[in-house]
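fold the following for me, if possible:
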Amino acid sequence: MTEGFGKDGIGGSPSPVPPAGNKALVRLLKQVVRGPCHLPEGAEADELVLTGASGQGRHASEVVQAALSAGLLERQGERLSARPEAIAFLRRQLAEVGDEPFAGQHRLEVEETVEVARVRQAVRRNLLESPLAALVRLKDRDGKPFFGEEAIAAGERLAADFERGQLTPRVTASWEPRLAQRMAGERGGLQDLSDTALAARLRVNRAVEAMGPDLSGVALDVCCFCKGLELVERERGWPVRSAKLMLRTALLALARHYAPPPGRARRHAWGAEDFRPQL
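Sure, this is the predicted structure:
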């Protein structure tokens with residue numbers, strides 16, 4: 001795949017670097033995205049030496065100039081750093097043949113093995129498909145995950161039941177007949193759902209009741225409606241960075257609902273009519 005190096009880094013007029021120079025550009029971006037590099041002032045040689053966190057690298061001066069003119073890199077004195085567009089461009093260039101490069105830049109895929117019809121197959125899973133995937137990387141002040149595994153698993157389970165229950169709002173036109181199986185005055189909707197969807201809706205209702213009215217809203221917004229924490233704070237008028245605290249509290253309450261802690265064993269003692277326990 002080949003992209004022209006325009007002013008915006010996405011298209012536009014091609015740069016002096018030929019299409020075959022994309023490999024050299026990818027090698028340059030791989031070095032700079034790891035950290036800012038040192039580029040000596042007044043360096044006008046055909047080959048430039050960049051020194052960064054990953055060591056030294058030699059790159060053609062025309063490739064560096066093409067990256068600067070395309071808006072992928074920016075230079076401040078002797079400091080050469082990558083812009084946000086460089087990461088998206090690099091992901092598109094590294095996409096495998098047959099993939100959608102512009103969609104692949106928003107994915108984080110890993111190789112996994114699943115069993116389909118008693119046959120194990122290798123598949124690719126997008127870790128960013130779930131709205132909770134970005135929350136896994138959040139850390140507390142001690143360096144531990146802000147959202148524990150049980151909280152993330154509870155949120156994923158709630159999102160799965162929400163989808164199985166067909167509670168997601170429709171965003172496209174419905175081509176089903178409006179009065180297909182409905183008599184005049186008959187209550188509609190539930191009779192068209194399968195038993196699986198009805199059971200999933202019941203599980204969602206029980207989960208919402210377990211979290212309570214104060215915590216269930218933020219859990220539904222993030223896990224089911226895929227809203228970001230900043231958007232939840234703006235809509236609800238909450239202080240900055242307060243949504244993640246409310247969400248963690250809600251998910252921990254939901255995790256206790258899905259996996260209740262074991263209760264204390266009750267002890268029974270038998271005694272005579274005038275028996276008194278010793279304190």
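
use CA for all of it now, contacts and neighbours both
Will do.

so which bits of stretch 48-59 are buried?
Using 16 or more other Cα atoms under 10 Å as the test for burial, stretch 48-59 gives 48-52, 57, 59.

want to try JSON lines for the residues you listed, with secondary structure and distance to residue 220 as columns?
Output for these, formatted as JSON lines (DSSP: H, G, I helix; E, B strand; the rest coil; distance: Cα to Cα, whole Å):
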{"residue": "48", "secondary structure": "strand", "distance to residue 220": "53"}
{"residue": "49", "secondary structure": "strand", "distance to residue 220": "52"}
{"residue": "50", "secondary structure": "strand", "distance to residue 220": "48"}
{"residue": "51", "secondary structure": "strand", "distance to residue 220": "48"}
{"residue": "52", "secondary structure": "strand", "distance to residue 220": "44"}
{"residue": "57", "secondary structure": "strand", "distance to residue 220": "48"}
{"residue": "59", "secondary structure": "strand", "distance to residue 220": "50"}
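
what's the closest of the residues you listed to residue 253?
Set against residue 253, the nearest of the buried residues of stretch 48-59 by Cα to Cα is residue 52 (46.1 Å).

just list whatever residues bridge to the closest one.
residue 55 (DSSP bridges).

thinking again about what came up before, tabulate the buried residues of stretch 48-59 (TSV), appending pLDDT and distance to residue 125.
TSV is the format used below for the buried residues of stretch 48-59 (pLDDT from 0 to 100; distance: Cα to Cα, whole Å):
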residue	pLDDT	distance to residue 125
48	79	39
49	79	38
50	82	36
51	81	36
52	76	33
57	83	33
59	84	35
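
what's the closest of those to residue 167?
residue 52 (50.4 Å).

separation between residue 77 and residue 40?
Taking Cα to Cα, to the nearest Å as the measure, residue 77 falls 8 Å from residue 40.

more crowded one of the two?
Each of residue 77 and residue 40 had its neighbours counted (other Cα atoms under 10 Å), and the higher figure belongs to residue 40 (15 against 11).

now the more buried one: how far from residue 74?
Distance from residue 40 to residue 74, by Cα to Cα: 14 Å.

before we move on, what about residue 162?
Separation of residue 162 from residue 74 (Cα to Cα): 45 Å.

more neighbours, those two?
Higher neighbour count among residue 162 and residue 74: residue 162, with 23 against 16, using other Cα under 10 Å.

from residue 207, how far off is that one?
Distance from residue 162 to residue 207, counting by Cα to Cα: 11 Å.

hmm, back to that, from the buried residues of stretch 48-59, which is closest to residue 245?
Nearest member of the buried residues of stretch 48-59 to residue 245, counting by Cα to Cα, is residue 52, at 37.5 Å.

so that closest one is in contact with residue 37, correct?
Yes. Between residue 52 and residue 37 there is a contact under Cα atoms under 8 Å: 4.2 Å.

mind listing the helices for this structure?
Under the criterion DSSP state H, the chain contains helices at 22-32, 61-69, 84-93, 101-104, 149-164, 195-211, 213-219, 229-236, 243-258.

residue 214 and residue 220, how far apart?
Applying Cα to Cα to residue 214 and residue 220 gives a distance of 11 Å.

do the same with residue 54
Applying Cα to Cα, the value for residue 54 to residue 220 is 43 Å.

next one: residue 120
Using Cα to Cα, residue 120 is found at 34 Å from residue 220.

more neighbours: the two, which one.
Neighbours per residue (other Cα under 10 Å) separate residue 120 from residue 220, with residue 220 holding more: 20 against 10.

tell me the pLDDT at the more buried one?
Looking at residue 220, its pLDDT reads 95.

got it, and residue 114?
81.

what sits against it?
120-123 (Cα atoms under 8 Å, 6 or more residues apart in numbering).

mind putting the helices of the chain in CSV, distance to residue 141 included?
As requested, those are arranged in CSV below (distance: least, Cα to Cα, whole Å):
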stretch, distance to residue 141
helix 22-32, 29
helix 61-69, 37
helix 84-93, 27
helix 101-104, 32
helix 149-164, 18
helix 195-211, 26
helix 213-219, 23
helix 229-236, 19
helix 243-258, 14
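
lowest average confidence across these, which one?
helix 101-104 (a mean of 65).

from memory residue 196 sits against residue 162, does it?
No. The pair residue 196 and residue 162 fails to qualify as a contact (Cα under 8 Å) at a distance of 11.6 Å.

buried ones in stretch 205-224, by neighbour count?
By neighbour count on 16+ other Cα under 10 Å, the buried set for stretch 205-224 is 207-208, 210-211, 215-224.
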